[in-house]
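Asks: The following block contains a protein sequence and its predicted model.
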Amino acid sequence: MAKIIDGNLIAAMIREEVKAEVAALKRHGVTPGLAVVIVGEDPASQLYVRNKHRDCTEVGIESFGFELPADASEERVLGLIADLNRDARVHGFLVQSPLPDHVDERKVVNAIDPDKDVDGFHPVNVGRMLIGERALLPCTPHGVQQLLVRSGYDPAGKHVVIVGRSNIVGKPLAAMLMQKASGANATVTVCHSRTPDLAAHTIRADILIAAMGQPEFMKADMVKAGAVVIDVGITRVPDASKKSGYRFVGDVDFEAVSEKAAAITPVPGGVGPMTRAMLLKNTIEAARRFSGSRV
Ligand code: BQF
């Protein structure tokens with residue numbers, strides 16, 4: 001049976017680190033601030049945003065919420081972003097996705113000051129990251145990297161196979177893990193929906209990352225015995241036995257794969273909590289840079 005990598009536990013450790021860093025910044029007269037913008041009333045988004053505010057409160061980061069109606073114009077969203085770019089209390093901010101169809105997500109991301117872009121989605125941060133410059137890193141791939149390193153599975157010298165090529169997970173994670181840097185130095189293969197004979201690739205992975213957004217797609221016969229398996233998927237599926245009416249399912253067939261892998265992340269409680277923790281790290285990083293890196 002595989003060791004279960006406890007994302008909740010490692011994320012809690014990171015929050016403790018952030019708490020101490022916040023205290024140090026406050027001693028230097030800087031109270032780190034995060035703003036979260038939500039457009040519309042998607043219940044999943046509202047839950048994610050509530051959790052982000054709660055995390056900030058726990059570690060001493062000041063958090064600011066901005067709620068716009070679903071029919072808010074693109075100009076209004078861009079106007080709010082311009083305000084937040086100028087707001088000295090706000091060291092970092094994000095616009096919760098998904099956005100309504102009439103709001104262009106690229107336009108929104110491009111409008112954010114790259115030094116306040118705590119989601120790490122602005123092209124300037126993507127570019128900085130790719131060439132190994134200091135950047136605000138996207139939270140989910142950074143969380144995956146930290147989860148690996150902190151649970152004793154350093155990617156250095158390993159063959160990492162990533163399934164999924166999204167701009168928020170697959171692509172940036174590949175770039176991060178192939179860097180010449182500590183916690184990286186992996187040999188990376190990226191597979192996707194148009195990869196012929198996917199299993200021929202996944203079976204060769206020392207570290208297998210499932211990030212394709214297809215519930216329980218990764219089966220045991222696609223995994224090498226002794227591999228480390230990281231499940232980035234979170235699909236909501238209806239479940240009448242839950243009081244919420246749904247449950248979260250990962251991209252990995254956990255039952256079967258956990259009998260073959262050396263280690264595996266659960267869903268929930270694996271990558272998700274790490275994503276949240278890395279947002280706090282980015283907020284501190286933005287605040288620290290704002291204060292001139294003296295802390
Ligand atoms: C867990 C997200 C898709 C689209 C927009 C903990 C989160 C999720 C799962 C969470 C996500 C996913 C977030 C668990 C933030 C991760 O225990 O497994 C935390 O809050 N996430 C988001 O803000 O927007 C998304 C996924």
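Replies: Sure thing, it's come through.
Asks: Could you list the contact residues of the stretch 51-200 of the chain toward the ligand?
Replies: Asn51, Ser97 (Cβ under 6 Å from any ligand atom). Any C-beta I mention is one placed from the backbone N, CA and C, and that applies to glycine too.
Asks: And the residue nearest to Ile81 when sequence neighbours are not counted, how far from the ligand?
Replies: With Cβ to Cβ, 6 or more residues apart in numbering as the criterion, Ile81 has its nearest non-adjacent residue at 4.6 Å, and that residue is Ala111. To the ligand, Ala111 is 19 Å away according to Cβ to the nearest ligand atom, to the nearest Å.
Asks: And for Pro196?
Replies: 28 Å.
Asks: tell me the strands in the chain, going along the chain?
Replies: Ranges of strands in the chain, per DSSP state E, are 3-4, 33-39, 62-68, 92-95, 159-163, 187-191, 207-210, 228-231, 235-238, 246-249, 263-264.
Asks: counting contacts, what elements does the third one pack onto?
Replies: To tie it back to what came earlier, the one meant is strand 62-68. strand 33-39, helix 43-59, helix 74-86 (3 or more Cβ pairs under 8 Å, 6 or more residues apart in numbering; DSSP states H and E).
Asks: Just say which of these is most tucked in.
Replies: For the helices and strands packed on strand 62-68, the largest average neighbour count (mean count of other Cβ atoms under 10 Å) is found in strand 33-39, namely a mean of 23.
Asks: Give me the angle between it and strand 62-68.
Replies: Here the directions of strand 33-39 and strand 62-68 differ by 20 degrees (axes from the mean of the first three to the mean of the last three Cα atoms, to 10 degrees).
Asks: Convert the C-alpha atoms of strand 33-39 to CSV, please.
Replies: Taking Å, rounded to 0.1, in the frame of the first residue of the first chain, the C-alpha atoms of strand 33-39 are listed here in CSV:
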residue,chain,number,x,y,z
GLY,A,33,-2.6,42.7,2.2
LEU,A,34,-4.5,40.4,-0.2
ALA,A,35,-7.5,41.4,-2.2
VAL,A,36,-9.8,38.9,-3.9
VAL,A,37,-12.3,39.9,-6.6
ILE,A,38,-15.2,37.7,-7.4
VAL,A,39,-17.6,38.4,-10.3
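Asks: can you tell me the residue of the chain closest to the ligand?
Replies: Proximity of the chain to the ligand (Cβ to the nearest ligand atom) peaks at Gly272, 2.1 Å away.
Asks: Tell me the predicted confidence for that residue.
Replies: Listed pLDDT for Gly272 reads 98.
Asks: before we move on, what about Gly292?
Replies: pLDDT, Gly292: 79.
Asks: Can you measure across stretch 177-194, start residue to end residue?
Replies: Between the start and the finish of stretch 177-194 there is a gap of 22 Å, counting by Cα to Cα, to the nearest Å.
Asks: Correct me if wrong: Pro98 contacts Val39.
Replies: No: Pro98 lies out of contact with Val39 (Cβ atoms under 8 Å); the separation is 9.1 Å.
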